[in-house]
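Q: could you work out the structure for the sequence below:
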Amino acid sequence: MLVLTKEDIKKVFTMKDAIEADKEALRIYSAGKSVSPLRVNIDIPKEQGQSLFMPAYVEELDATGIKIVSVFPKNIEKGLPSVPAQMILLDGTTGEVCAILDGTYLTQLRTGAVQGAASDILAKKDAKIGALIGTGGQAATQLEAMVCVRNLQEVRVADINFERAKEFAEKMQEELAAYGTKVVAVENGNAAVKDADIITSVTTSRKPVFDGTLVKKGAHVNGVGAYTPQMQELDETIVQKADKVFFDTKEGVLAEAGDFITPMEKGLVTEDDFDGELGEVILGKISGRETDEEITLFKTVGMAVLDVVTAQKIYQKAVENKIGQAVEI
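A: Model (predicted):
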């Protein structure tokens with residue numbers, strides 16, 4: 001059994017690798033070639049947290065696994081990741097555990113990468129201005145994915161805490177210097193999204209974090225953070241205003257995401273207003289962006305197939321490069 005830390009993963013797996021792995025996972029899922037039950041969510045009211053159990057099987061890769069991930073927002077105050085996790089990867093031909101990976105970083109990587117995949121497929125090719133709302137544990141890979149798929153001149157960063165936004169922007173300006181993108185902190189979500197070409201929100205907010213009327217024609221919007229019926233980081237205006245709406249999984253989004261459950265309950269939109277899954281675009285079953293004037297919207301709540309495919313690709317590279325610690329149990 002191979003144990004892979006965050007640093008081990010970084011040695012063998014880039015953001016570009018992760019984006020391609022996520023595209024493959026989305027294709028496999030939408031083609032019906034995986035087994036992926038809806039995750040089990042257990043509330044931890046005492047700590048305002050949740051623990052989630054996410055299993056999947058991908059026959060095409062002979063891989064199965066389960067990610068155990070928790071979301072504890074108060075961890076930020078303790079200097080700990082707000083989304084701690086471990087990924088257990090099994091050999092799909094024997095059922096034996098072949099690897100345990102740092103699930104926190106895997107979650108950050110594949111969640112950033114699925115947004116990167118959506119932005120790569122749906123955003124305008126000449127996108128120049130990005131907006132990122134939220135600076136928690138998922139934010140760094142979200143930012144890297146945006147600048148990885150488009151040559152952005154500037155990304156505006158907003159957070160409920162402006163000082164935290166400034167610290168994050170300074171840190172990311174240094175860490176992502178090779179991309180040549182200017183990273184700047186702004187006071188709020190509305191300041192970030194005005195005139196932006198790619199907008200990514202990654203928060204656990206229960207109320208919208210920006211005004212949808214400010215989203216310009218031709219923009220691409222990613223809703224990444226809200227993953228329960230009570231959370232709603234996207235306002236109802238942008239859900240109605242978007243010309244094309246895509247999901248990572250239709251089943252997951254419509255069961256879990258308040259961004260869509262709430263406006264549907266109010267009768268503002270119906271399932272007929274949504275175009276389908278991003279994997280269907282990859283498969284060529286449905287069209288993605290068709291004009292530079294369209295506003296496209298992508299919503300992800302995550303799925304275990306993304307974890308299993310990404311973990312399997314990381315594991316293969318680690319074995320090839322003799323990275324990680326082998327453990328016998």
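
Q: for the most centrally placed residue in the chain, give its distance to residue 19.
A: The centroid of the chain falls nearest to residue 111 when counting by CA atoms, centre = their mean (2.8 Å). Separation of residue 111 from residue 19 (CB to CB, to the nearest Å) stands at 12 Å. (C-beta placed from N, C-alpha, C; glycine too.)

Q: please apply the same query to residue 90.
A: For residue 90, the distance to residue 19 - CB to CB - is 25 Å.

Q: returning to what we had before: surely the residue nearest to the centre of the chain meets residue 140?
A: No - with contact defined as CB atoms under 8 Å, residue 111 and residue 140 do not form a contacting pair (10.9 Å).

Q: pLDDT weak spots in this protein?
A: Filtered on pLDDT under 70, the chain yields no residues whatsoever.

Q: how about the helices in it?
A: 6-12, 15-30, 103-122, 139-149, 162-175, 189-193, 236-241, 250-256, 258-265, 278-283, 304-320 (DSSP state H).

Q: tell me the angle of the last one relative to helix 103-122?
A: Relative orientation of helix 304-320 with respect to helix 103-122: 110 degrees, computed using axes from the mean of the first three to the mean of the last three CA atoms, to 10 degrees.

Q: run through the neighbouring helices and strands of helix 304-320.
A: strand 2-4, helix 6-12, helix 15-30, strand 49-58, strand 63-71, strand 85-91, strand 97-102, helix 103-122 (3 or more CB pairs under 8 Å, 6 or more residues apart in numbering; DSSP states H and E).

Q: would you mark the buried spots in it?
A: Within helix 304-320, the residues that count as buried by 16 or more other CB atoms under 10 Å are 304-315, 317-318.

Q: export those residues to JSON lines and tack on distance to residue 178?
A: Output for the buried residues of helix 304-320, formatted as JSON lines (distance: CB to CB, whole Å):
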{"residue": "304", "distance to residue 178": "32"}
{"residue": "305", "distance to residue 178": "31"}
{"residue": "306", "distance to residue 178": "26"}
{"residue": "307", "distance to residue 178": "27"}
{"residue": "308", "distance to residue 178": "30"}
{"residue": "309", "distance to residue 178": "27"}
{"residue": "310", "distance to residue 178": "23"}
{"residue": "311", "distance to residue 178": "26"}
{"residue": "312", "distance to residue 178": "28"}
{"residue": "313", "distance to residue 178": "23"}
{"residue": "314", "distance to residue 178": "22"}
{"residue": "315", "distance to residue 178": "27"}
{"residue": "317", "distance to residue 178": "21"}
{"residue": "318", "distance to residue 178": "24"}
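
Q: quick check: residue 159 vs residue 123, distance?
A: For residue 159 relative to residue 123 (CB to CB), the value is 22 Å.

Q: same deal with residue 15?
A: In this view, residue 15 and residue 123 are 16 Å apart by CB to CB.

Q: now residue 56. Nearest residue, chain neighbours left out?
A: Spatial nearest neighbour of residue 56, chain neighbours left out: residue 304 (3.4 Å); criterion: CB to CB, 6 or more residues apart in numbering.

Q: scratch that, residue 208 is what I was asking about
A: The shortest distance from residue 208 to any non-neighbouring residue, by CB to CB, 6+ apart, is to residue 235 (3.5 Å).

Q: what's around that neighbour, how many residues?
A: For residue 235, the neighbour count with other CB atoms under 10 Å is 21.

Q: for it, give me its contacts.
A: 208, 210-212 (CB atoms under 8 Å, 6 or more residues apart in numbering).

Q: report the buried members of those residues.
A: 208, 210, 212.

Q: quick one on the thing from earlier: quick one: closest of the helices of the chain to residue 199.
A: Residue 199 sits nearest to helix 189-193 of all those, at 5.0 Å, using CB to CB.

Q: contact partners of that closest one?
A: Counting by CB under 8 Å, 6+ apart, 131-133, 156-158, 186, 199, 201, 209-211, 214-215, 219 sit against helix 189-193.

Q: how about that helix: buried residues?
A: For helix 189-193, the neighbour count (16+ other CB under 10 Å) marks 189-190, 192-193 as buried.

Q: possible to save those residues as a markdown table with distance to residue 8?
A: Putting these into a markdown table (distance: CB to CB, whole Å) gives the following:
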| residue | distance to residue 8 |
| --- | --- |
| 189 | 36 |
| 190 | 40 |
| 192 | 34 |
| 193 | 37 |
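
Q: before we move on, the earlier item: most packed of the helices of the chain?
A: Most buried of these, by mean neighbour count (mean count of other CB atoms under 10 Å): helix 103-122, with a mean of 27.

Q: any idea how far residue 190 lies from residue 214?
A: Distance, residue 190 to residue 214, by CB to CB: 6 Å.

Q: no no, residue 233
A: Taken as CB to CB, the span from residue 233 to residue 214 is 15 Å.

Q: now do residue 39
A: To residue 214, residue 39 is 33 Å away according to CB to CB.

Q: go on, residue 143?
A: Per CB to CB, residue 143 is found 20 Å from residue 214.

Q: do residue 25 as well
A: Relative to residue 214, and taking CB to CB, residue 25 is found at 32 Å.
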